[in-house]
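In: I would like to see how this sequence folds:
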Amino acid sequence: MPSRPSLNAVVVGLLSALLAFVAVVQVRSQFEVERSLSGVDPTTLAFLIDDLHRANDTLARDAGALAARRAALQGGSNQEAAAQLNAEAAQLRVVEGLVPVHGPGVVVTVDAPLTPLDLQDALDNLRVAGAEALALNDQRLVTSSVINGDSEGVTVDGVSVRGPWTLWAIGDPTRLSSAADQMTRALRDDPRVHSAGYRAESDLVIRSTVVQRPFVYGSA
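Out: Reported below is the predicted structural model:
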């Protein structure tokens, strides 16, 4: 069995990584929402601001809980630390998109020549509404995912994707449904859009995963 100092060091490191991830999500969500607010009508703007505040409150509570667990584990037993490590590692694998995930959520479908910025804004709206896992067509999305354009269309983390578009989001079904409804209503007013709709599911499954890239320069 690993020694207590070695195991606790791993646990503390993992929790520190989760805390850093929470901070990145909070800052990025604020930035992306601010970027997409131009031209938004007052009613939609009020909903977005309310959702952003609730998302930030949730992230702040999560950060506080993680910090408390990290402090508690520094003085805990090997068995307790190992159990907590397994739970946190499982959560981190979901957050990083390394394993399939299921739960309540929405599926948004859009038939339109959307740009990378259009897609990023749509995904950010779902994140602000509490999406815990996301996918675009067959590509799993995490905080570090990059949506760009190329000569033929859109790329997600370097992989070409084409419309029509299907966005999968797992999280609070009420908030996600509200966000999807507002988003698809706005999209249907866009002359580029042939169709836009969504459906809520009680047990949505996202099977796609992110391929974990090996460290080249870093080592444990």
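
In: got the residue ranges for the helices in this structure?
Out: Counting by DSSP state H, the segments of the chain that form helices are 4-35, 42-73, 78-95, 116-128, 173-188.

In: Can you tell me which of these has the worst average pLDDT?
Out: Comparing mean pLDDT over the helices of the chain, the weakest stretch is helix 4-35, at a mean of 56.

In: Domain ranges for this structure, per the record?
Out: Structural domains annotated on the chain: 4-95, 101-206, as defined by automatic domain parsing.

In: what residues are up against Gly97?
Out: Gly97 makes contacts with Ala133, Arg140, Leu141, Val142, Thr209, Val210, as judged by Cβ atoms under 8 Å, 6 or more residues apart in numbering. (Glycine included, C-beta is placed from N, CA and C.)

In: Let me have the residues you listed in TSV, extended by neighbour count, pLDDT and distance to Leu117.
Out: Below are those laid out as TSV (neighbours: other Cβ atoms under 10 Å; pLDDT from 0 to 100; distance: Cβ to Cβ, whole Å):
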residue	neighbour count	pLDDT	distance to Leu117
Ala133	22	94	22
Arg140	24	94	20
Leu141	26	92	15
Val142	17	89	19
Thr209	16	88	26
Val210	16	81	22
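
In: Restricted to strands, list those residues.
Out: Where those overlap with strands, as defined by DSSP state E, the overlap consists of Ala133, Arg140, Leu141.

In: Could you dump these into TSV and include distance to Val205?
Out: Formatted as TSV, the entries for the ones in strands among the contacts of Gly97 read as follows, by distance: Cβ to Cβ, whole Å:
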residue	distance to Val205
Ala133	10
Arg140	12
Leu141	15
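
In: ok, those residues vs Ser178, which is closest?
Out: Each of the ones in strands among the contacts of Gly97 was checked against Ser178 using Cβ to Cβ; the closest is Ala133, at 18.2 Å.

In: The closest one reaches Ile206, doesn't it?
Out: Yes. Applying Cβ atoms under 8 Å, one finds Ala133 in contact with Ile206, separated by 5.5 Å.

In: got any residues that touch both of the two?
Out: Val101, Arg140, Trp168, Ile170.

In: State the pair within those residues that is farthest apart.
Out: Greatest spatial distance among these (Cβ to Cβ): Arg140 and Ile170, at 11.3 Å.

In: just to revisit the earlier point, return the member of the contacts of Gly97 nearest to Ala200.
Out: Looking across the contacts of Gly97 and measuring by Cβ to Cβ, the closest to Ala200 is Ala133, at 15.3 Å.

In: show me the contacts for that closest one.
Out: Under the criterion of Cβ under 8 Å, 6+ apart, the neighbours of Ala133 are Val94, Gly97, Val101, Gly103, Gly105, Arg140, Trp168, Ala169, Ile170, Gly171, Ile206.
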